[in-house]
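Undergrad: Have a look; sequence and predicted model below, questions after that.
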Amino acid sequence: MDEWEEQETATSGTCALTSHTSNAGTQGDFWSSDRGEFQRGRGGRGRGRGGFKNSSFSGAEDSANDGDSQNNTAERSSFSRRGGRGRGRGFGRTDHGDFDANEENGDHTNVSRGRRGGRGGSYRQGGEQGGRGGFGGGYRGKDEEVFAQGNQDTPAEKTDESDRPRVTYVPPPPSEDEESIFSHYESGVNFDKYDEILVDVSGTNPPPAIMTFDEAALCESLKRNVSKSGYVKPTPVQKHGIPIVSAGRDLMACAQTGSGKTAAFLLPILQQLMADGAAASCFSETQEPEAIIVAPTRELINQIYLEARKFAYGTCVRPVVVYGGVSTGHQIRDLSRGCNVLCGTPGRLLDMIGRGKVGLTKVRYLVLDEADRMLDMGFEPDMRRLVGSPGMPSKENRQTLMFSATFPEDIQRLAADFLKTDYLFLAVGIVGGACSDVEQTFVQVTKFAKRDQLLDLLKSTGSARTMVFVETKRQADFIAVILCQEKFPTTSIHGDREQWQREQALGDFRSGKCPVLVATSVGARGLDIPDVQLVVNFDLPNNIDEYVHRIGRTGRCGNTGRAVSFYDPEANSELAQSLVTILSKAQQEVPSWLEAAAFSGHGPSGFNPPRKHFASTDLRKGPQGGLFQDSSVTSQLAAQTAADDEEWE
Ligand SMILES: Nc1ncnc2c1ncn2[C@@H]1O[C@H](COP(=O)(O)OP(=O)(O)OP(=O)(O)O)[C@@H](O)[C@H]1O
C-alpha cells in the first residue's frame with residue numbers, strides 16, 4: 001500500500017444508509033453482459049426533496065469513495081448542496097472536503113443554492129461520510145457522478161468498520177498498440193456536405209479560416225498523427241476553430257454533433273505546446289498542466305483523453321485523465337509521471353487540486369467541452385470553483401474555449417463570465433440544431449405501448465447497433481432485462497452502475513458483443529461510438545438540447561443515422577413546439593399530429609417553464625438576432641429541470 005492508498009483508507013468513512021431504502025432491490029435482476037447471466041440489481045435510492053442533512057463528506061463527486069481530500073475540514077451541519085440525490089435547494093454550506101473557494105476563504109456560512117441537496121429526503125446524522133442519498137449513492141450531476149456504492153460484486157473493498165467501501169477500481173491501461181491507438185471509423189458519404197453548412201463567426205477580428213490541415217502549420221509529428229487518424233480535410237468547426245485558437249482568442253463554438261469539435265480544440269492546443277517545447281516532468285509532486293479540459297461525464301472525458309493521447313503520440317506532451325469511480329491513488333501515480341494536458345470531470349479534478357497534486361499556475365488553456373452542460377446549475381459551481389482556485393490565471397491571462405452542439409441563450413450569458421470580452425462566437429449551422437444526417441421519426445404512443453413498440457422496432461432493425469434512451473436508471477435496467485429476455489443482447493449504462501460496469505457496458509457495445517445499449521442521460525453527450533445506426537428515445541427527454549445530443553450519437557462524421565422517438569402525448573406535449581422547430585430546421589418531415597400538438601397551446605408556458613426552446617445564434621447579436629429562446633427561462637430553472645430528468649421517478 002502506498003502513501004495514497006493509506007491516505008484513502010485512513011480517511012474513508014461511512015456511507016449513510018439511513019435514508020429511504022424502500023426502493024432497495026427494486027432494480028431487480030438484469031442481464032449482465034460481462035458475465036452473460038442475470039445478475040442481482042442493486043438497491044434503489046432515497047427520494048424526497050430537500051432532505052435535511054447533517055453531514056460532511058469527502059471530496060468531490062468522484063472522490064467520495066476514495067476518501068477525503070487532504071483539506072477536508074470540520075464537519076458542519078447543513079442543508080447539503082451536494083448531499084443525497086437532491087433536487088431541493090438546500091441552504092448549502094458545502095461540507096464536502098474538496099476544494100472550495102468559499103472554504104478557502106474561510107467562509108462557511110454562505111447561503112448557496114442547494115444543487116442537488118437532499119434527494120435522499122432523510123435526516124442524516126453527521127457521519128463522516130454521510131448524506132449520499134440512501135443506499136445506492138448520492139447524486140452529483142445530472143449526467144453522472146453518482147457516488148459509487150459498496151457492492152459485493154464490485155472490486156470496491158470495505159475499508160473500515162463503518163463498512164464504507166473504497167474505490168479500488170483501476171481501469172485497464174489504454175492500448176499501447178499503434179494500430180489500435182489510431183483505429184477510427186470512416187467518415188461517411190455526407191462528409192463533404194459539411195462544406196455547405198453556413199458558418200457564422202461573430203466578434204471582432206476573427207482570423208481567416210484554414211481550408212486544409214497543411215494551412216494549420218502543424219508540426220511534423222502532429223501532422224503525422226492527424227493523418228494516421230484518417231483525417232484528410234478539416235471539418236468546418238476545425239477550419240474556423242483551429243485558427244481562432246491558434247490566434248490566442250477565446251472561443252465559444254457551436255457545431256452539430258459528430259462534426260469534429262474535439263480535434264478543433266485539441267489540435268491547436270497540442271500544436272502550441274509542441275511548438276513551445278512543452279515536456280512532461282515527472283519530478284514534481286505537484287503537476288502543473290498547461291491545458292485543462294473538463295467534460296461532464298467520465299466516459300466522455302476518457303474519450304477526449306484518448307483523442308489527446310492519440311494526437312500527442314510520439315511527442316513529449318503528456319495528457320492525463322482523472323475522473324470518478326476509479327482509484328484516486330492510481331490517478332495520482334499516473335499524474336506524477338508528468339502532465340501537460342489534464343482531462344477531468346470537475347469533481348475529481350477539484351479533488352486533485354485540493355490535494356495539491358495539480359497546480360494551476362501554468363494553465364494557458366481551459367476547455368469546457370459540452371460547455372452548456374458544464375455551466376448549467378449542475379456544474380456551474382464547480383466551474384466557478386475551478387476558475388477561482390489559487391493559481392488559476394485570470395480569464396485575461398488564459399485562453400478559455402467552450403464547445404458544444406447546443407448553446408442556450410441563458411448559458412451564453414453565463415459563459416461570458418468565464419471569457420474575455422472579445423471572445424469569438426463560432427456557429428456552424430444552426431446553434432442548437434440537430435445533425436442533418438440523422439433521419440428523425442416520431443411514433444405517437446402511450447406509455448403502456450412503448451415496450452411493444454420497442455420490441456417491434458428492434459425486430460425490424462436486426463442487429464443494428466442501437467442506443468435506447470430512457471428517463472430513469474431503474475427503467476434502464478428494466479428495459480435491458482426485457483430486451484435480454486427477448487434475446488437482444490443488451491447492456492446498460494447509468495449512474496447507479498459501478499464504473500467498471502459502465503466501462504464494460506460501453507466496451508461490449510463498442511465491440512458489438514451487445515449491440516443494444518440502454519442509457520440514461522449519462523450517455524447522451526459526446527460519446528463517439530462507431531456504427532451506431534439507431535437511437536431510440538424510449539422516453540423523450542425534458543429539454544430539447546438533450547434531444548439534440550441524444551440523437552447525435554448516430555449520424556456522425558458524415559455518416560447517416562436514424563432516430564426514432566416515442567412521443568407520449570400525455571408526457572411530451574410541452575416539447576412539441578421545439579421538436580417541430582428542430583425537425584423543420586433539419587429539413588425533415590414534420591408529422592401532422594406533432595404539428596397539431598405544437599400549436600394546440602401546449603407550448604412552454606406558465607411560471608418558470610423548463611427550457612424547451614433553443615438559441616439560434618450569438619447572444620451578443622441582441623434580441624433581434626434570431627433567438628428562439630423564451631427569455632423568461634433562466635439557466636437555473638432550466639438546468640434544474642434538466643437535472644431532474646434522470647432522477648425523478
Ligand atoms: N477532419 C476529420 N476527418 C475525419 N474524421 C474526423 C475529422 N474530425 C473528426 N473526425 C472524427 O469524427 C468523429 C466525431 O468527432 P467528435 O467526437 O470530435 O465530434 P463532436 O463534434 O465533438 O461531437 P459531439 O457534439 O457529439 O460531442 C470522431 O470519430 C472523430 O475522430
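TA: Structure received.

Undergrad: just checking, residue 356 touches residue 288?
TA: No: taking contacts as Cβ atoms under 8 Å, residue 356 lies outside contact range of residue 288: 11.5 Å. Every residue, glycine included, has its C-beta placed from N, CA and C.

Undergrad: Give the full set of residues in contact with whatever residue of the stretch 451-600 of the chain ends up closest to the ligand.
TA: Closest approach between the stretch 451-600 of the chain and the ligand, counting by Cβ to the nearest ligand atom: residue 557, at 3.4 Å. Residue 557 is in contact with 185, 187-188, 191, 258-260, counting by Cβ atoms under 8 Å, 6 or more residues apart in numbering.

Undergrad: now residue 265
TA: Contacts of residue 265 (Cβ under 8 Å, 6+ apart): 241, 245, 293, 365, 367, 369, 401, 403.

Undergrad: and the gap between it and residue 319?
TA: 13 Å (Cβ to Cβ, to the nearest Å).

Undergrad: same question, residue 619
TA: For residue 619 relative to residue 319 (Cβ to Cβ), the value is 32 Å.

Undergrad: same deal with residue 585?
TA: 36 Å.

Undergrad: ok, now residue 466?
TA: Where residue 319 is concerned, residue 466 sits at a distance of 32 Å (Cβ to Cβ).

Undergrad: Equivalent analysis for residue 207, please.
TA: 26 Å.

Undergrad: more crowded one of these two?
TA: residue 319 (24 against 16; other Cβ atoms under 10 Å).

Undergrad: any idea how far that one lies from residue 445?
TA: For residue 319, the distance to residue 445 - Cβ to Cβ - is 44 Å.

Undergrad: Equivalent analysis for residue 552, please.
TA: For residue 552, the distance to residue 445 - Cβ to Cβ - is 23 Å.

Undergrad: Residue 366 now?
TA: Residue 366 is 44 Å from residue 445, by Cβ to Cβ.

Undergrad: who's more crowded, these two?
TA: Set residue 366 next to residue 445 and count neighbours by other Cβ under 10 Å: residue 366 wins out with 24 against 18.

Undergrad: Give me every residue in the stretch 301-450 of the chain lying close to the ligand.
TA: residue 405 (Cβ under 6 Å from any ligand atom).

Undergrad: quick one, helices of the stretch 301-450 of the chain?
TA: Secondary structure of the stretch 301-450 of the chain (DSSP state H, counting those that start in this stretch): helices at 328-335, 346-354, 371-374, 380-387, 409-415, 450-461.

Undergrad: Can I get the first one in PDB, CA atoms only?
TA: Listed next in PDB are the C-alpha coordinates belonging to helix 328-335 (Å, rounded to 0.1, in the frame of the first residue of the first chain):
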ATOM      1  CA  THR A 328      -7.600   8.100  -6.700                       C
ATOM      2  CA  GLY A 329      -4.200   6.600  -5.800                       C
ATOM      3  CA  HIS A 330      -3.900   5.200  -9.300                       C
ATOM      4  CA  GLN A 331      -4.700   8.500 -10.800                       C
ATOM      5  CA  ILE A 332      -2.200  10.300  -8.600                       C
ATOM      6  CA  ARG A 333       0.500   7.900  -9.600                       C
ATOM      7  CA  ASP A 334      -0.400   8.500 -13.200                       C
ATOM      8  CA  LEU A 335      -0.300  12.200 -12.700                       C
END
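
Undergrad: buried residues in that helix?
TA: Across helix 328-335, burial judged by 16 or more other Cβ atoms under 10 Å covers 328-332, 334-335.

Undergrad: tell me the mean pLDDT over stretch 421-440?
TA: Taken as a whole, stretch 421-440 has an average pLDDT of 95.

Undergrad: Which residue ranges of the stretch 451-600 of the chain form strands?
TA: 465-469, 490-493, 516-519, 532-537, 561-567 (DSSP state E, counting those that start in this stretch).

Undergrad: What pairs with the last one, parallel or antiparallel?
TA: In this case it means strand 561-567. Strand 561-567 has the following strand partners under DSSP bridges: strand 438-444 (parallel), strand 532-537 (parallel).

Undergrad: Determine which stretch of those is the most buried.
TA: strand 532-537 (a mean of 24; mean count of other Cβ atoms under 10 Å).

Undergrad: anything in that one near the ligand?
TA: No: on the criterion Cβ under 6 Å from any ligand atom, strand 532-537 is out of touch with the ligand, staying 10.9 Å away.

Undergrad: which residues are in contact with that strand?
TA: By Cβ under 8 Å, 6+ apart, strand 532-537 touches 438, 454, 457, 461, 464-469, 547, 550-551, 553-554, 556, 561-566.
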